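Enquirer: following is a predicted model, sequence given first.
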Amino acid sequence: QVQLVESGGGSVQAGGSLRLSCAASGRTFGRNAMGWFRQAPGKEREFVAAISWSGGATSYRDSVKGRFTISRDNAKNTVYLQMNSLKPEDTAVYYCAADAAFSALVSGRDGIDYWGKGTLVTVSS
């Protein structure tokens with residue numbers, strides 16, 4: 001069992017930066033791929049970024065490439081999402097997710113193993 005708790009959300013002006021953190025509990029953290037998803041008001045949840053259990057593989061949605069960076073510290077059971085050059089369209093609730101399969105996070109398939117409750121990011125123009 002893995003429990004996920006996000007933090008680091010907030011309000012920022014366009015062009016600013018935020019770093020989200022996701023603290024995981026459970027012995028199997030290091031064996032799970034981790035990811036970030038987001039859901040804007042009135043829109044479906046979408047994949048943002050994912051990182052393999054070793055950190056050796058990452059994947060990003062096209063609209064955040066070059067601006068967002070996902071990383072993990074298995075010793076601290078934490079995954080991060082560094083968000084730079086934020087845009088108003090990045091406004092959303094950001095969710096941390098974990099799954100044994102990296103591909104499951106990238107595809108955003110139904111049945112992803114674990115989810116956090118989310119943290120709100122608001123970017124003003």
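Expert: Sure thing, it's come through.

Enquirer: which neighbouring elements make contact with the helix or strand where residue 48 lies?
Expert: In the assignment (DSSP states H and E), residue 48 maps to strand 46-51. Contacts defined by 3 or more C-beta pairs under 8 Å, 6 or more residues apart in numbering; DSSP states H and E place strand 46-51 against strand 33-39, strand 58-60, strand 68-73, strand 78-83, helix 102-107. Where C-beta positions appear, they are placed from N, C-alpha and C, glycine not excepted.

Enquirer: what's the closest of these to residue 16?
Expert: With C-beta to C-beta as the criterion, residue 16 lies closest to strand 78-83 of the helices and strands packed on strand 46-51, at 8.8 Å.

Enquirer: quick one: mean pLDDT for the closest one?
Expert: The pLDDT scores in strand 78-83 average 97.

Enquirer: strands paired with that strand, and their directions?
Expert: If you go by DSSP bridges, strand 78-83 pairs up with strand 18-25 (antiparallel), strand 68-73 (antiparallel).

Enquirer: report the central residue of this protein.
Expert: residue 36 (2.0 Å; C-alpha atoms, centre = their mean).

Enquirer: confidence score at it?
Expert: At residue 36, pLDDT is 98.

Enquirer: list the contacts of it.
Expert: 20, 22, 48, 49, 50, 70, 79, 81, 94, 95, 96, 97 (C-beta atoms under 8 Å, 6 or more residues apart in numbering).

Enquirer: circling back to that earlier point, just put the strands paired with strand 78-83 in CSV and tack on distance to residue 57.
Expert: Below are these laid out as CSV (distance: least, C-beta to C-beta, whole Å):
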stretch, distance to residue 57
strand 18-25, 18
strand 68-73, 10
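
Enquirer: mind putting those in TSV, distance to residue 5 and mean neighbour count included?
Expert: Formatted as TSV, the strands paired with strand 78-83 follow (distance: least, C-beta to C-beta, whole Å; neighbours: other C-beta atoms under 10 Å):
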stretch	distance to residue 5	mean neighbour count
strand 18-25	5	19
strand 68-73	15	18
